[in-house]
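Novice: sequence? don't have it. structure:
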């Protein structure tokens with residue numbers, strides 16, 4: 001139920017700030033940016049939500065420092081590390097694919113790596129603040145960037161198809 005407040009807020013922001021601006025730029029921009037917005041909303045859902053209802057309580061729990069030892073869970077066989085690594089990679093594959101589409105420029109791999117790193121770092125630093133149960137982990141940061149790289153490679157593979165779709169939307 002608390003998550004609905006966050007989604008309502010995200011919907012209001014979308015229609016208040018973005019929809020009209022993106023629509024004026026064309027159907028292609030509206031479609032790509034809306035898909036990116038929905039994707040990022042779900043990333044927030046899986047990593048940080050509920051946010052708004054948690055804000056009054058962010059200082060009511062101890063902040064757990066980030067684990068800076070890469071792949072320590074794998075080394076010591078703790079938890080469901082294979083699942084966590086897989087999910088972290090899968091979560092950012094769409095980001096690596098969508099960044100070059102949304103940027104509408106000749107986006108290079110290094111830029112995608114930087115954006116994926118910054119997205120992941122932001123999530124990892126906020127998780128322990130918003131929710132005392134979650135913790136930040138360098139492994140998540142590394143695997144998220146790997147996911148962004150895979151997404152970018154998929155973008156390069158499907159670039160001819162996405163270019164045709166975008167051009168179709170522009171000329172329609």
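Specialist: Cool, the structure landed. Only a predicted model underlies this, so the values are computations on that prediction, with no experimental measurement involved.
Novice: Residue 82 versus residue 9, what's the distance?
Specialist: 34 Å (Cβ to Cβ, to the nearest Å). Where C-beta positions appear, they are placed from N, C-alpha and C, glycine not excepted.
Novice: Show me what counts as buried in stretch 57-70.
Specialist: Of the residues in stretch 57-70, those buried under the neighbour-count criterion (16 or more other Cβ atoms under 10 Å) are residue 66.
Novice: ugh, wrong one, stretch 149-166
Specialist: Taking 16+ other Cβ under 10 Å as the neighbour-count basis, stretch 149-166 is seen to contain the buried residues 149-152, 155, 166.
Novice: what does that stretch contact?
Specialist: Judged by Cβ atoms under 8 Å, 6 or more residues apart in numbering, the contacts made with stretch 149-166 from elsewhere in the structure are 28, 32, 89, 92-101, 109, 112-113, 116.
Novice: Repeat the analysis, applying 10 Å as the threshold.
Specialist: Where contact means Cβ atoms under 10 Å, 6 or more residues apart in numbering, the residues beyond stretch 149-166 that reach it are 26-29, 31-32, 89-90, 92-101, 104, 107-109, 111-113, 116.
Novice: which ones among those are found in helices?
Specialist: Cross-referencing those against helices under DSSP state H gives 27-29, 31-32, 89-90, 92-101, 109, 111-113, 116.
Novice: List only those of those residues flagged as buried.
Specialist: Neighbour counting with 16+ other Cβ under 10 Å marks 28-29, 32, 89, 92-101, 112-113, 116 as buried within the ones in helices among the contacts of stretch 149-166.
Novice: Average pLDDT for stretch 70-84, rounded please.
Specialist: When pLDDT is averaged along stretch 70-84, the result is 83.
Novice: buried residues in that stretch?
Specialist: For stretch 70-84, the buried set under the neighbour-count rule, 16+ other Cβ under 10 Å, comprises 73, 81, 84.
Novice: Which strands and helices lie in contact with the helix or strand of the chain with the lowest mean pLDDT?
Specialist: When the helices and strands of the chain are compared on mean pLDDT, DSSP states H and E, helix 72-76 comes out lowest with a mean of 81. Applying 3 or more Cβ pairs under 10 Å, 6 or more residues apart in numbering; DSSP states H and E, one finds that helix 72-76 makes contact with helix 81-103, helix 138-170.
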